[in-house]
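J.: Based on what follows, work out the 3D shape:
(one chain, ligands or ions: 1)
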Amino acid sequence: MTLRISVIGTGYLGATHAAAMAEFGFEVLGLDIDPDKIAMLTAGRVPMYEPGLSELLLKHVAGHEGSTGRLRFTTSAREAAEFGDVHFICVNTPQRKGEFAADMSYVDTALDELAPHLTRPALVVGKSTVPVGSAARLAERLAALAPVGEGAELAWNPEFLREGFAVRDTLRPDRIVVGAHSERAERLLRDVYAEPIAAGVPFMVTDYATAELVKAAANSFLATKISFINAMAEVCEAAGADVTQLSKALAYDERIGGKFLNSGLGFGGGCLPKDIRAFMARAGELGADQALTFLREVDSINMRRRSRMVELAREQCGGGFLGRRVAVLGAAFKPNSDDIRDSPALNVAAQIQLQGAQVTVYDPKAVDNARKMFPSLAYAHSALEAAEGAHVVLHLTEWSEFRELDPAVLGAVVAERRLLDGRNVLDAEAWRAAGWTYRALGRPS
Ligand code: UDX
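T.: Numbers count the residues shown, from 1 in each chain. Model prediction:
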């Protein structure tokens, strides 16, 4: 009999996971408390910009012509509980207001609403990023709340997907890590992931705590790599060296590798910043805070990049922002996403506006989201429109369309040909040849 899968929380992670499970051939029911989101997904529309996700949904959501009909959505926890053999918890764990720690309330609520309806054996699988120790706590809670008692088991299966590549990363992850404490749990998850396993994706079984820590450690390592190269950028600036050449030379060393070694404005988004902070908070609770003090430095190097960009922009504006127009290219925290959570680009734009400049932002996908969060910034429909009359142009999110910009065309509409490349990817020589002052973080002026 085909396994039936419920996916609780249909945000970024959940919507993609649900569609991927349908692609693997399972019957899937997605559950969310937000009826608008459920209506959208049922109509085959995705509430965010994620390449390939809409196509995958339409391929499987019931009621669409030619779809497999394997994927449906609901707002009823009881329906999800009765439907699924395996229940994935995919709700978010944001940073708590005013603290570093993660807010576990959505995970707790998801379990509390599901468990009382579990009347037959089921496996509940957590995918959310949680403080180490959560799975053990949730397993006890599950056994206490589920009418089927120990027939309801818990496993932990962290998710490593990247926004912009969510579909690909979910269908073919680098590895599958499963914190499971019974053979049955392991067997069910091997069945769920049979397709990627058959394609050679490594499947690792660990205890709960190790599985939870793999995720925290992976994100910490990635953040550290970015802040490392950004720290080198600070030294390069002081010494008159070029960080882009430095990172290229480092990348030839296979032990170091070139990925996540692009210096610039640093990391943002809904994961890396809050995950390293939550990890520090949890280590503190465990009495192991000393082990992670370096992450405090990783965080501050990252935040310093934003202030340095503001400082450079001020310099380019002649020492002050009053009466100056600034064009900002990019609002999303990274390209191929409309996600603006903790976006370095918008943080810089808002700081500059606060200091008196007139700031106009353009982003290929994230303007609607940006407008809701930063209504006082001005927004344009194109890079050219944003650049009109600008005293300085800031390139802050590296969408590929910005690489194609013609320096001469942009040069004809700005007040002054001054460009700050916050992502170190534009062709400095081409911009300089067209009469621009090109400056970047970590590179000689
Ligand atoms: C990240 C992890 O990569 C993923 O495994 C985890 O599941 C969730 O968090 P994501 O937030 O989608 O994924 O973004 P990612 O591609 O990792 O980029 C994070 C940030 O780092 C972006 O702001 C990006 O611009 C920045 N970055 C990335 C750099 O500044 N330099 C780099 O070399 C790479």
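J.: Residue 326 belongs to a strand, doesn't it?
T.: Yes: membership of residue 326 in a strand is supported by DSSP: H, G, I helix; E, B strand; the rest coil.
J.: Break the chain down into its structural domains.
T.: Here the domain assignment for the chain is 4-206, 208-445, based on automatic domain parsing.
J.: State the number of residues packed around the residue of the stretch 1-150 of the chain at minimum distance from the ligand.
T.: In the stretch 1-150 of the chain, the residue that lies nearest the ligand is residue 129 (7.5 Å; C-beta to the nearest ligand atom). Where C-beta positions appear, they are placed from N, C-alpha and C, glycine not excepted. Applying other C-beta atoms under 10 Å, we find 25 residues neighbouring residue 129.
J.: for it, phi and psi?
T.: phi -80, psi 120 (degrees, to the nearest 10).
J.: Contact distance from the ligand - what residues of the stretch 101-250 of the chain qualify?
T.: 159-163, 219, 222, 226 (C-beta under 6 Å from any ligand atom).
J.: Same question for the stretch 251-400 of the chain.
T.: Within reach of the ligand by C-beta under 6 Å from any ligand atom, the stretch 251-400 of the chain has these residues: 260-262, 264, 266-269, 271-272, 333-334.
J.: wait, does stretch 431-445 make contact with the ligand?
T.: No: legend: contact between stretch 431-445 and the ligand by C-beta under 6 Å from any ligand atom is lacking; minimum distance shown is 10.6 Å.
J.: State the pLDDT value of the residue of the stretch 301-445 of the chain found nearest the ligand.
T.: Residue of the stretch 301-445 of the chain nearest the ligand, by C-beta to the nearest ligand atom: residue 334 (3.9 Å). Residue 334 carries a pLDDT value of 97.
J.: same question, residue 1
T.: 68.
J.: can you give me the strands in the stretch 201-350 of the chain?
T.: Taking DSSP state E, counting those that start in this stretch as the criterion, the stretch 201-350 of the chain carries its strands at 203-206, 325-329.
J.: helices and strands around the first one, which ones?
T.: Pointing back at strand 203-206 there. strand 176-180 (3 or more C-beta pairs under 8 Å, 6 or more residues apart in numbering; DSSP states H and E).
J.: Check the last one too.
T.: With contacts defined as 3+ C-beta pairs under 8 Å, 6+ apart, the packing partners of strand 325-329 are helix 344-354, strand 358-362, helix 383-387, strand 392-395.
J.: ok, and residue 124, which helix or strand is that part of?
T.: Assigned by DSSP states H and E, residue 124 belongs to strand 122-126.
J.: tell me the angle that strand makes with strand 176-180.
T.: With axes from the mean of the first three to the mean of the last three C-alpha atoms, to 10 degrees defining the directions, strand 122-126 sits at 120 degrees from strand 176-180.
J.: so what secondary structure elements neighbour strand 122-126?
T.: strand 86-89, helix 105-114, helix 134-145, strand 152-156, helix 183-192.
J.: again, only this time at 7 Å
T.: strand 86-89, helix 134-145, strand 152-156, helix 183-192 (3 or more C-beta pairs under 7 Å, 6 or more residues apart in numbering; DSSP states H and E).
J.: Tell me the helix or strand right after the third one.
T.: For strand 152-156, the succeeding helix or strand toward the C-terminus, using DSSP H and E, is helix 166-171.
J.: The helix ranked longest in the chain - contacts with which helices or strands?
T.: Determined from DSSP state H, the single longest helix within the chain is helix 208-239. Contacts defined by 3+ C-beta pairs under 7 Å, 6+ apart place helix 208-239 against helix 134-145, strand 152-156, strand 176-180, helix 243-251, helix 272-285, helix 293-316.
J.: what's the closest of these to residue 17?
T.: strand 176-180 (12.5 Å; C-beta to C-beta).
J.: ok now that closest one, how far from the chain's centre?
T.: Offset of strand 176-180 from its chain centre (C-alpha atoms, centre = their mean, to the nearest Å): 21 Å.
J.: show me what contacts residue 41?
T.: Contact analysis of residue 41 by C-beta atoms under 7 Å, 6 or more residues apart in numbering lists 10, 15, 30, 57, 73.
J.: The last one falls within a strand, correct?
T.: It refers to residue 73. Yes: looking at residue 73 with three-state DSSP, it is inside a strand.
J.: what number of residues lie near the closest residue to residue 218 other than its chain neighbours?
T.: Excluding the flanking residues, the one nearest residue 218 by C-beta to C-beta, 6 or more residues apart in numbering is residue 160, at 6.4 Å. Per other C-beta under 10 Å, the neighbour tally for residue 160 reads 18.
J.: can you check the one 3 residues further on too?
T.: Residue neighbour count, defined by other C-beta under 10 Å, stands at 25 for residue 163.
J.: Over to residue 76?
T.: 14.
J.: That one - nearest residue in space that isn't next to it in sequence?
T.: Residue 76 sits nearest to residue 31 (C-beta to C-beta, 6+ apart), 7.3 Å away.
J.: Return the residues in contact with the one you found.
T.: 6-8, 74, 77, 80.
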